[in-house]
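K.L.:
Below are the sequence and a predicted model; questions follow.
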Amino acid sequence: MASFGDYLNQFKAAKNLVDDKALAAYLGKSKQYVSLIRHRGQATNELCIEIADAIGVEAGVVLVARNALKEDGPVGDAWKALLGKVAGVGLLIGASLIYSEGPEEYNAKSLIPLFFITGSIAIALAISALQVFFQPYRQ
């Protein structure tokens, strides 16, 4: 499971930025701002999406990683649990693609396991997200 800091480091590598000072210059911000991003998850949604695009991952994964870093206590724990589930989705999809037939052989029958897996995961993630957001209302 990659952390937000891992994604930030991948972003720096993708942009050929050698350190956080270079990242700050790229963003047009101070080095202190980069420190807040790295250690407290203070990145904007737009920056998270830019990071995701640059490193080739889904924007939602980077946003969840940022929120897992940003929040403390039970809410932070819930975001971290969700991040683990999101990371598991990628592994399952990748595994299902590896074990499916080649591109010239794709047909509805060979894609059924992939759709079943991704549909099940989407439902599990939706339930987890709802639990995160409704946690403060539980008594």
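P.N.:
Yes, it's here. Numbers count the residues shown, from 1 in each chain.
K.L.:
drop to CA atoms for contacts and neighbour counts, all remaining ones
P.N.:
Will do.
K.L.:
Give me the contacts around stretch 15-30.
P.N.:
Contacts with stretch 15-30, where a contact means C-alpha atoms under 8 Å, 6 or more residues apart in numbering, come from K12, K31, Y33, V34, A54.
K.L.:
Checking the fourth one next. Helix, strand or coil?
P.N.:
Following DSSP: H, G, I helix; E, B strand; the rest coil, V34 is assigned to helix.
K.L.:
Walk me through the domains of this protein.
P.N.:
1-70, 72-139 (automatic domain parsing).
K.L.:
where among those domains is the average confidence lowest?
P.N.:
When the domains of the chain are compared by mean pLDDT, domain 72-139 comes last with a mean of 59.
K.L.:
ok, now which ones touch R66?
P.N.:
Here R66 is in contact with S3, F4, G41, Q42, A43, C48 (C-alpha under 8 Å, 6+ apart).
K.L.:
Mind telling me what element it is part of?
P.N.:
Using DSSP states H and E, R66 falls within helix 59-70.
K.L.:
List the buried residues of that helix.
P.N.:
Buried residues in helix 59-70, counting neighbours by 16 or more other C-alpha atoms under 10 Å, are found at A59, V61, V62, L63, V64, A65, R66, N67, A68, L69, K70.
K.L.:
a markdown table for those, including distance to A81?
P.N.:
Shown next, in a markdown table, are the buried residues of helix 59-70 (distance: C-alpha to C-alpha, whole Å):
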| residue | distance to A81 |
| --- | --- |
| A59 | 17 |
| V61 | 12 |
| V62 | 14 |
| L63 | 14 |
| V64 | 10 |
| A65 | 10 |
| R66 | 13 |
| N67 | 11 |
| A68 | 9 |
| L69 | 12 |
| K70 | 14 |
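K.L.:
Tell me the one among these nearest to K80.
P.N.:
Of all the buried residues of helix 59-70, A68 has the smallest distance to K80: 5.0 Å, by C-alpha to C-alpha.
K.L.:
any idea how far that closest one is from G84?
P.N.:
Distance of A68 to G84, given as C-alpha to C-alpha, to the nearest Å: 10 Å.
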